[in-house]
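Visitor: Sequence and predicted structure are below.
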Number of protein chains: 2
Amino acid sequence: MTEAEDQIATEDDREEEDDYSLDRRAVAAVLYAVEVEDRDKLIELMEPMHAADIADLLEQINPYDRGRLLRLYDLEFDGEILSELDESIREEVMEVLRPETLAEAVRDMESDDVVDLLEDLDETQQEAILDVLEDADRVAVEQALSYPEFSAGRLMQRETVMAPEHWTVGDAIDYMRNAEELPEQFYHVILIDPRMRPVANVSLGKIMGAPRTSPLKNLAEEMFRVFRVTQDEGDVAYAFNQYHLISAPVVDEDERLVGVITIDDAMAVLDEEHEEDILRLAGVGEESSLSDRVIETTRQRLPWLAVNLVTAILASLVIAQFEATIAQFVALAVLMPIVASMGGNAGTQSLTVAVRAIATKDLTGANVWRVIRREVLVGLVNGVVFAVVMGIVGVIWFGSPMLGVVIAVAMVINLVVAGLAGTGIPVLLEKIGVDPALASGAFVTTVTDVVGFFAFLALAGAVLL
Amino acid sequence: MTEAEDQIATEDDREEEDDYSLDRRAVAAVLYAVEVEDRDKLIELMEPMHAADIADLLEQINPYDRGRLLRLYDLEFDGEILSELDESIREEVMEVLRPETLAEAVRDMESDDVVDLLEDLDETQQEAILDVLEDADRVAVEQALSYPEFSAGRLMQRETVMAPEHWTVGDAIDYMRNAEELPEQFYHVILIDPRMRPVANVSLGKIMGAPRTSPLKNLAEEMFRVFRVTQDEGDVAYAFNQYHLISAPVVDEDERLVGVITIDDAMAVLDEEHEEDILRLAGVGEESSLSDRVIETTRQRLPWLAVNLVTAILASLVIAQFEATIAQFVALAVLMPIVASMGGNAGTQSLTVAVRAIATKDLTGANVWRVIRREVLVGLVNGVVFAVVMGIVGVIWFGSPMLGVVIAVAMVINLVVAGLAGTGIPVLLEKIGVDPALASGAFVTTVTDVVGFFAFLALAGAVLL
C-alpha cells in the first residue's frame, strides 16, 4: 500500500465515526498505555498523531491522567504540541514537564510560537524560557514582545524573502538557490526599494512560470497590502479575508520591511475572534474553554449572571408597581412572562445580526438608519402576527376579549422596541468604544423586559380594572 | 511618492476612521456621481476600489440607488464583484445588469466562482449563464455542479500542478516554465504515482531553495492530507485550520487526483460556518444578512419566535397551576421572573460553550461526563452565590425570611438544572443528528423556565401558605 493509499484509507475509516474528531478508542488505548506505564506503546501510539491532535487529547483527559501521560512521554514531548495547546492548560502542562524537556521543546519551536507562549506568562517564567533560547532566537522573541499585544508585529514572522525591484526572475531564483536558509513557509518574493520599503509582491507560482529574463516587476501581484507593526491583528485578519491575501509585508514606522504575515496566521486570528464574539454574546468570559477548572469557570461566568440579576430585579421592580392589579387579576401573572420573553428573543435576533454586521464592517454610517428602520418594521410585522395569535390564546384561555387585546397590543409594542433596541444599542455601544458583543445582550434584554412588563401591566390596569 | 508610500498613506488616513470600513465620504461621492449621472466620475471613483469593497458598497446602499449605479456603471462591471456580493442581493443585481454586461462579467470569472454563482439560481437562470461560457469552462462548471452541495468537489479548483514522483527539481522547473498556462494561484507541486494518485506535496518555496538535481520526493512536506470530492466542506475547513494546511489535493472515488483546495477557500468556509453558528444560536435564519428585505427577514425570524412562543406558553401553563398561590401572595409574581431569567442566562452560557466545543470537536465521548459534571458544579456554586444574594433581597424587600429561603433554594435548583440542560441537550441533539446550534436554545430555555417557575412556586406554595 502506498503512502497515499494509507492516508486515504485512514480518512475513510475515520469518516465512519466523525471526520477528524479524536477516536474514542485511540484515546482509550493511550490512557491504557499510561495506566500500565508502557512507555514504548505510548510512543508508538502517539508517533503518528499530529501535534494539534495530541494537544486536543491532552485537553480532553483529566488533569491526573494528563500529568501521568506527560511524565511517561517525557523527552518525546514536542514543542509544537505546546503551541497547539489551549492557554488554559498550557501553564499546567509546562509545570509538569521536566525543565530539560521544556527547554528542548521550546528550542524546537518557531520564534513566533515562542512569542505566543510567552505572552501569557509572568516575568520570571518568561525569563526562564528566554534563557534556554539561542541568542538569535532570544533577540527575535524579545523584539516581537516589544510590539503591542494583538498587533501585526506580534503576529508576523521576521523571516522574509526580498529582492530589489530591478531584479529578474533569474536573479531571484539564483539568490534563493544559494541562500543559506529560506523561511519554512513563504509564498511571495517581496520587492523592495533602496530604502527597504516594500513596493510589490511576486508570487512563487508566477516566478516558476516566467522566463529567467523577465523583470520581477512585471509579475507583481495585482492585490498588494502593507500592514504596520502596530496595526490590530483583527484588522489584519479582516483584510486577509476581504482581499483574499496569501501573505503581506509588515513595515515599521519608517515604512521599512520588518516581517511578513501569512494567511494561516490570519486564519487563526479570524477563528479566535469569531470564538470570542460567540462567547461574549452569550455572556461567557472570552478565554473560556472546556479545560478550565470549576472555580475558574465559575469566576468567568459570575459577573454576567450578576449583571443579569440586576436587570432581572429592575424588571421585578416594574412588576411590583402593579401588585394591586395582579392581585385582582392573577391571569396577568400567568401571561406577562410571554410578552417579556418574546421581546427578549426578538431583541436578541436583532442584536446578533447588528453585532455581526458591525464586526464584518457591513453596518456603517451609510446604512445604519435604513437597517434600524428595517428592524423596527420586522418587529412590527412579527409583533402583529404574534399579537393576533396571543389575542386568540388570551380569549380562549381566560375567556376575556379585553385581556386578548391587552396582550396583543403589548406584544406589538415590545417587538417594535426589541427591533429598535436590538440595533440601536449595539451601534451606540460601538460609537462610544464599548465592544457591542460584550455588553449589548444585557442592555437589550433589560429594555425588552421592562417595556414588556410595563406595557402589558399598565395597559391591563387601565383597561381591565 | 512611490506606490508603497501611497499605499501606506492611504491606510494611515483610513485608520483615523476605522480600518477597512467603507469611508462614508467615499460612499457619498459615489452616490453623488450617480445622482448627477456623471459616468466618468463614477468610473474614476470606483476604479481604485477592490471588488470586495465595491460589493460592500452595493450591499450598503438602497435598492433604488443600487439600480441606478449599476445601469450607469454598465460595462465596467467586473465579474469579481459578482462573486463578492452577498447572495441576498446577487440575484437582484443580475436582473439589473444588461445581458451583455452579465455575459462579459461571467466570462471573466474563475470557474469555481461561477459554480458558487450558479448554486443559488434556478435551472433556467443556470442555463442562461452556462450558455455564455466557453466550452471548456462550461464543462468544468457542469462537472463541479455534479458534486454534492457543500462538498470538497464544489470547493476545489480543477487546475493543479502535478509531477511524477520520480522527477527532480530541475524537471519541475522546466515543466512549469514551459507550461502554456499555470493556475492563477498555486503553492505546491503535487507528486502523483502512475495511477494519478497524489502521494506528496512539495512547496514552491522548497523547490526554489533546492539544487536542480534534488529529487522532489526528498522535499515532500511533512504534513500531507488528501480530501475526497464528496467530503463536507466544513470538515475540509476544520482540517486546514487544525493541521495548518496551505493547499491539499482532492481525489475522486478511485483515489485519482481531480483538483486542489487552497487555504483561502477554506478560510472563506470557516468564516461562513462561524457566521451561521452565531446566527443559529440567536435563532436567526442562517442566510440572514443586512441587505435582506423586511419581508424576507420577517419570514426568517418568525419560525424561531413561534418556537419561543410555544415554550413561553408552556412556562405560563406551569404558572397557571399556581394561580391560587399567587393570588394569596402577589410577591411571588414579582419575584418569579428573576429565578427563570437567571436559569435562562446560565443555561445559555453552558449551551454556548457546549455548542462551540462540539463544533471544534473538543467535546467528545472521552470527556462528555467530565464536562457535564463541571457545568453542574459551576451551576451549583453560582446558584449558591446568587441564592444568598436573592435570599437577602427577598427578606429586605418583602420582610419575609421564608420567602428569602424559597427564592434561594429555587435559584440553586434552577442553576444546577441550567448547567445540566445546557450541556446535555446540545450533546443529545448532536447524537441524534440535529444541529445543536440551531435547536439547543429553545430546549434549554424551556427547561430553565419550566423548572424555575415550578421550583419557586411549588416551594412557595408548600412553605408559605
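Guide: Now that the structure is in, tell me what you want to look at. Numbers count the residues shown, from 1 in each chain, chains lettered A, B, ... in the order given.

Visitor: Settle this for me: residue A:457 is touching residue A:325, isn't it.
Guide: Yes - counting by C-beta atoms under 8 Å, residue A:457 touches residue A:325, with 6.0 Å between them. Bear in mind the C-beta positions are built from the backbone N, C-alpha and C, glycine included.

Visitor: and those two? which has more neighbours close in?
Guide: More neighbours surround residue A:457 than the other of residue A:457 and residue A:325, with 25 against 19 (other C-beta atoms under 10 Å in any protein chain shown).

Visitor: Next, give phi and psi for the more buried one.
Guide: Residue A:457 has phi and psi values of phi -70, psi -40 when expressed as degrees, to the nearest 10.

Visitor: Overlap in contacts, residue A:457 and residue A:325.
Guide: residue A:332 (C-beta atoms under 8 Å, 6 or more residues apart in numbering or on different chains).

Visitor: buried ones in stretch A:419-436?
Guide: Going by neighbour count (16 or more other C-beta atoms under 10 Å in any protein chain shown), the buried part of stretch A:419-436 is A:419-427, A:429-430, A:435-436.

Visitor: which residues does residue A:195 contact?
Guide: Neighbours of residue A:195 in contact, by C-beta under 8 Å, 6+ apart: A:255, A:256.

Visitor: which SS state does it fall under?
Guide: Using DSSP: H, G, I helix; E, B strand; the rest coil, the structure places residue A:195 in coil.

Visitor: Grab the nearest non-local neighbour of residue A:275.
Guide: Leaving aside its sequence neighbours, residue A:275 sits nearest to residue B:356 (C-beta to C-beta, 6 or more residues apart in numbering or on different chains; 6.6 Å).

Visitor: ok, the one you found - contacts?
Guide: Neighbours of residue B:356 in contact, by C-beta under 8 Å, 6+ apart: A:275, A:278, A:279, B:277.

Visitor: ok, now how distant is residue A:284 from residue B:271?
Guide: Remark: distance between residue A:284 and residue B:271 (C-beta to C-beta, to the nearest Å) = 21 Å.

Visitor: which one of those two has more residues nearby?
Guide: residue A:284 (21 against 18).

Visitor: which element is the more buried one on?
Guide: Under the criterion DSSP states H and E, no helix or strand holds residue A:284.

Visitor: ok, now which ones touch it?
Guide: Contacts of residue A:284 (C-beta under 8 Å, 6+ apart): A:300, A:301, A:304, B:349, B:352, B:353.

Visitor: among the residues you listed, who's most crowded?
Guide: Neighbour max across those (other C-beta under 10 Å) = residue B:353, 31 neighbours.

Visitor: Apart from its chain neighbours, what residue comes closest to the residue of the stretch 351-465 of chain A found nearest chain B?
Guide: Residue nearest to chain B within the stretch 351-465 of chain A (C-beta to the nearest C-beta): residue A:352, separated by 3.5 Å. Excluding its sequence neighbours, the residue lying closest to residue A:352 (C-beta to C-beta, 6+ apart) is residue B:282, at 3.5 Å.

Visitor: got it, and residue A:182?
Guide: residue B:209 (4.3 Å).

Visitor: Over to residue A:422?
Guide: Leaving out its chain neighbours, the residue that sits closest to residue A:422 by C-beta to C-beta, 6+ apart is residue A:350, at 2.6 Å.

Visitor: Flag every buried residue along the helix or strand where that neighbour lies.
Guide: Following DSSP H and E, the helix or strand that holds residue A:350 is helix A:331-359. By neighbour count, and taking 16+ other C-beta under 10 Å as the criterion, the buried residues in helix A:331-359 are A:331-359.

Visitor: Give the residue spans of the stretch 301-450 of chain A that score low on pLDDT.
Guide: For the stretch 301-450 of chain A, no stretch has pLDDT under 70.

Visitor: please redo it, this time with the cut-off set to 80
Guide: When residues are selected by pLDDT under 80, those of the stretch 301-450 of chain A lie in A:365-366.

Visitor: Break down the stretch 51-200 of chain A into its helices, ranges please.
Guide: Listed in chain order, the helices of the stretch 51-200 of chain A (DSSP state H, counting those that start in this stretch) span residues A:51-60, A:63-73, A:79-84, A:87-96, A:99-108, A:111-118, A:123-132, A:135-145, A:152-155, A:169-178.

Visitor: can the first one be found next to chain B?
Guide: Yes - judged by C-beta under 8 Å from any C-beta of the partner chain, helix A:51-60 and chain B are in contact via A:52, A:53, A:56, A:59, A:60.

Visitor: Just the angle for that helix relative to helix A:87-96, thanks.
Guide: For helix A:51-60 against helix A:87-96, the angle by axes from the mean of the first three to the mean of the last three C-alpha atoms, to 10 degrees is 90 degrees.

Visitor: which strands and helices sit next to helix A:51-60?
Guide: helix A:24-35, helix A:63-73, helix A:79-84, helix A:87-96, helix B:233-243 (3 or more C-beta pairs under 8 Å, 6 or more residues apart in numbering or on different chains; DSSP states H and E).

Visitor: Give me the helices and strands touching the shortest one, please.
Guide: The reference is to helix A:79-84. Packed against helix A:79-84, as judged by 3+ C-beta pairs under 8 Å, 6+ apart, are the following elements: helix A:51-60, helix A:87-96, helix A:99-108, helix A:111-118.

Visitor: could you dump those to JSON lines with mean neighbour count and mean pLDDT?
Guide: JSON lines is the format used below for the helices and strands packed on helix A:79-84 (neighbours: other C-beta atoms under 10 Å in any protein chain shown; pLDDT from 0 to 100):
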{"stretch": "helix A:51-60", "mean neighbour count": "22", "mean pLDDT": "91"}
{"stretch": "helix A:87-96", "mean neighbour count": "18", "mean pLDDT": "86"}
{"stretch": "helix A:99-108", "mean neighbour count": "17", "mean pLDDT": "87"}
{"stretch": "helix A:111-118", "mean neighbour count": "21", "mean pLDDT": "84"}
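
Visitor: Could you confirm whether stretch A:304-314 reaches chain B?
Guide: Yes - Stretch A:304-314 lies within reach of chain B by C-beta under 8 Å from any C-beta, at A:304, A:305, A:306, A:308, A:309, A:311, A:312, A:313.

Visitor: what does stretch A:212-229 give?
Guide: Yes - Stretch A:212-229 comes into contact with chain B (C-beta under 8 Å from any C-beta), by way of A:223, A:224, A:225, A:226, A:227, A:228.

Visitor: out of these, who's nearest residue B:24?
Guide: For the residues of stretch A:212-229 next to chain B, the minimum distance to residue B:24 (C-beta to C-beta) is 21.7 Å, reached by residue A:225.

Visitor: where's that closest one relative to residue A:192, distance?
Guide: Counting by C-beta to C-beta, the gap from residue A:225 to residue A:192 is 15 Å.

Visitor: need the contact list for the residue lying closest to residue A:105 once chain neighbours are set aside.
Guide: Leaving aside its chain neighbours, residue A:105 sits nearest to residue A:79 (4.0 Å; criterion: C-beta to C-beta, 6+ apart). Residues counted as contacts of residue A:79 (C-beta under 8 Å, 6+ apart) are A:104, A:105, A:106, A:107, A:108, A:109, A:113.
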